[in-house]
Structures are given as C-alpha cells and as structure tokens.
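>>> predicted model and sequence below, questions to follow.
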Amino acid sequence: MSIPLSIEWNNKRLKILDQQKLPLEVDYLTLETLEDVYDAIITLKVRGAPAIGITASHGLAATAQRYETNSLEQFHQLLCKDATYLAESRPTAVNLVWALERLRNAVQNAATVQEAKERLLEEAEIIHKEDEASCRTIGEFALSLLGDVTKVMTICNAGTIATAKYGTALAPFHLGSERGKQFQVFACETRPVFQGSRLTVWELQQSGVDVTLITDSMAAHTIGAKGIEAIIVGADRIVANGDTANKIGTFNLALLAAAFQIPFYVAAPSSTFDLTIESGEKIPIEERPSEEITHIAGKQVAPNDTKVYNPAFDVTPSSLISAIITEKGIIYPEYNENISAILSLEKGDNHEN
Ligand SMILES: CSC[C@@H](O)[C@@H](O)C(=O)COP(=O)(O)O
C-alpha cells in the first residue's frame with residue numbers, strides 16, 4: 001500500500017498531509033504551534049476521528065515541551081488549558097478528547113516537569129502506534145466478515161488518511177487488494193465537503209481498488225441497480241447502546257441497508273467508543289459554516305442570505321447496525337451487553353462475540 005501517511009512525527013516535528021489539497025496535490029504542512037494544530041483540525045486539513053486524536057496528542061505533547069516552569073502544579077494547569085482549547089476544535093469525534101485525556105493521565109504521577117514532558121511525548125507515540133495496529137486488525141476482521149462479498153458501498157473517508165494507517169472501513173479493501181481479492185467499491189461523494197470523491201476515491205485508486213463514485217442521492221438506486229451486497233462505514237462516536245455518530249448521510253445508508261436487506265457494518269477502534277453516554281441523542285453534533293453548502297469550490301450555488309442547516313454528522317440507531325468491527329473483535333447485538341464485554345478485553349486479546 002503506497003498511500004501517503006496522514007501524520008508524520010519526526011524529531012519532535014509534527015507534519016500532516018493537507019487533506020484540503022487532495023486529490024490534486026499531495027502536500028505536507030508543518031504544525032508549529034498549538035494554534036496551528038487547532039486550525040488544521042477545524043479546517044479539516046486533518047480529519048477523520050483517529051487522525052484528529054493522534055494529531056492533537058502530538059500537538060499537545062510538543063507544545064508542553066515549551067512550558068517554562070519547574071512547578072508541576074503550574075505544568076498541569078497549562079496542560080489542562082491547552083487540552084481544553086484543542087478539545088473544542090471539533091465536538092463529535094470522541095477520539096479527540098480520548099487522546100487528550102490519555103495524555104493528561106500519563107503525567108498524573110510524574111515526579112518532575114522534565115519527566116512529565118518526556119511522558120507526554122511517549123504517550124503520543126503510543127497512541128499513534130496503537131492506532132496503526134488497531135486498524136490493521138480491524139481490516140483483518142472486516143475481510144473475514146465480508147467473506148465472499150465483493151460489491152460494497154461506503155460514505156465519507158474512513159481510510160488510511162483518516163487514521164495512523166490502513167483506515168477502518170476502508171482497511172479490508174486495502175488488505176484485500178494486497179492479497180488479490182478484488183472488491184468493487186461504490187463511494188458516496190459525501191456532501192457537503194466531498195470526503196468521498198476527493199479522498200476515498202483517490203485513496204482507493206492508490207491501492208489499485210476498483211472504485212466507482214456516486215452522488216449521495218444515487219445510493220438507493222445504485223444498491224438495486226448494481227447489486228450492492230453490504231455497506232461499511234467508519235464512526236466518530238459509538239455510545240453504550242451501539243448508536244453510532246458518523247458523517248452525515250450514514251443514517252440514510254443504514255435505512256437503505258435495512259430496506260434492501262443487506263448488512264450494514266460499522267468499523268472503528270475502541271478509542272471511538274464513549275460508554276459515558278447511554279444512547280445516541282446525547283452525542284454532540286457539529287454544525288459547520290453555511291458556506292460549505294451555499295458554495296462549491298468557491299462558487300456560490302444558492303441565493304444570497306439562504307437559511308442553511310449544516311450538521312456534519314448523524315446518528316445511526318444501533319437497531320440498524322448488523323455488526324461493529326473493532327480491533328478487539330466483532331460485536332453483534334445485543335450491543336448493551338456485548339460492547340462492554342468486548343471493550344473490557346485486555347490489549348492483545350481479541351475474539352468474536
Ligand atoms: C476512520 S475515520 C471515521 C470517521 O471519522 C469518518 O467516517 C468521518 O465521519 C469523518 O468525518 P470528517 O468530518 O471528515 O472528520
């Protein structure tokens with residue numbers, strides 16, 4: 001797989017693949033300050049739940065190296081302030097707060113400021129490496145779950161550039177391509193900012209996967225006309241009962257999967273679960289600027305002063321989800337019991353529930 005990595009961390013320098021420039025340009029951006037990190041996340045230069053979490057953790061760890069204090073109390077205060085600032089960049093993907101919390105926990109018992117600084121750098125690297133391993137395992141599970149299925153639909157980009165590597169929903173296609181299994185993937189363009197056409201189509205083409213672009217409104221027709229056998233998507237937050245927030249339009253696909261009686265799979269690492277929330281209506285849904293809808297590539301496509309509603313995510317009820325594929329195993333209904341059982345497995349253990 002020769003797809004550029006979305007996040008590079010070398011010699012304490014953080015570089016991200018500028019996803020706003022894709023597919024026309026492959027360009028990396030160095031993030032020097034905490035404000036650069038915040039800006040890269042909010043403007044979707046780096047996006048996708050795991051990639052946001054990894055970027056924020058390296059960004060916070062790098063920023064903390066510059067705190068000029070020997071007081072641990074002051075160090076914790078600065079870290080808390082900066083973590084809170086980054087956490088506000090995007091509200092729906094729980095991986096962001098999860099990663100920042102992990103960093104804060106990693107320094108709880110540090111004896112000196114110097115030790116705390118080193119622990120932050122180490123923890124950010126661990127988060128980064130864990131995600132790569134998790135995504136690869138998710139890909140293996142997804143590949144086995146899909147079995148003989150070849151025609152699959154997806155939305156948004158839950159691929160290698162949305163994670164450390166491999167992706168979640170796109171991981172089985174990359175692994176399949178390496179092993180000679182040819183999927184036919186139908187990618188929804190994913191309005192309003194086209195993560196499907198700009199990112200998923202480009203990414204799967206790099207891997208040699210057979211990918212066909214459709215507009216979001218063509219999904220129902222395409223499932224019937226092309227004989228789609230399964231739908232697989234990523235996730236931004238999965239709560240205790242299995243309700244899942246993902247890119248706007250995902251809920252539509254889940255309803256279509258039920259209508260056509262084909263499986264609807266969610267693929268996500270355990271860092272995307274939020275068991276503090278019982279059910280989906282409590283998930284915060286990000287609303288984005290109206291220009292994402294009133295303009296396309298800088299050109300106005302709606303009248304001046306058009307009233308706009310632009311939620312970036314929707315919540316799919318768990319009753320529409322056939323299985324959730326994680327690095328710890330494949331979770332089937334009843335989700336209330338089975339999610340907590342699988343997530344409580346130790347690192348390295350995994351099984352199908
Ligand atoms: C492995 S990425 C999973 C999700 O984050 C992805 O499906 C998605 O909805 C991304 O939304 P985005 O707004 O592009 O960050």
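Perfect, I can see it now.
>>> alpha carbons only for contacts and neighbour counts from here, please
Will do.
>>> for the residue in the stretch 51-200 of the chain that the ligand sits nearest to, what are its contacts?
Nearest residue of the stretch 51-200 of the chain to the ligand, counting by C-alpha to the nearest ligand atom: Ala158, 3.7 Å away. By C-alpha atoms under 8 Å, 6 or more residues apart in numbering, the contact list for Ala158 reads Gly48, Gly167, Thr168, Ala169, Leu170, Thr200, Val233, Gly234, Ala235.
>>> what's the most distant pair in these?
Thr200 and Ala235 (15.1 Å; C-alpha to C-alpha).
>>> low-confidence ranges, the chain, go.
Applying pLDDT under 70 to the chain picks out residues 1, 347-353.
>>> can I see the domain layout of it?
Listed domain ranges for the chain are 7-131, 148-343 (source: automatic domain parsing).
>>> now those in CSV, please, with extra columns for distance to Ile138.
Formatted as CSV, these follow (distance: least, C-alpha to C-alpha, whole Å):
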stretch, distance to Ile138
domain 7-131, 10
domain 148-343, 5
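>>> secondary structure element for Lys129?
Lys129 is part of helix 113-146 when elements are defined by DSSP states H and E.
>>> list the buried ones in that helix?
113, 116-117, 119-125, 127-128, 131-143, 146 (16 or more other C-alpha atoms under 10 Å).
>>> so how far is that helix from its chain's centroid?
The chain centre lies 13 Å from the centre of helix 113-146; the measure is C-alpha atoms, centre = their mean, to the nearest Å.
>>> what helices or strands is that helix leaning on?
helix 49-64, helix 94-106, helix 171-178, strand 323-326, strand 329-331 (3 or more C-alpha pairs under 8 Å, 6 or more residues apart in numbering; DSSP states H and E).
>>> same thing but 6 Å
Where contact means 3 or more C-alpha pairs under 6 Å, 6 or more residues apart in numbering; DSSP states H and E, helix 113-146 is packed against helix 49-64, helix 171-178.
>>> winner for burial among those helices?
helix 49-64 (a mean of 27; mean count of other C-alpha atoms under 10 Å).
>>> quick one: that helix near the ligand?
Yes: applying C-alpha under 6 Å from any ligand atom, one finds helix 49-64 touching the ligand at Ala49, Pro50.
>>> give the next helix or strand downstream of that helix.
Next along from helix 49-64, by DSSP H and E: helix 72-87.
>>> between helix 49-64 and that following helix, find me the angle.
140 degrees (axes from the mean of the first three to the mean of the last three C-alpha atoms, to 10 degrees).
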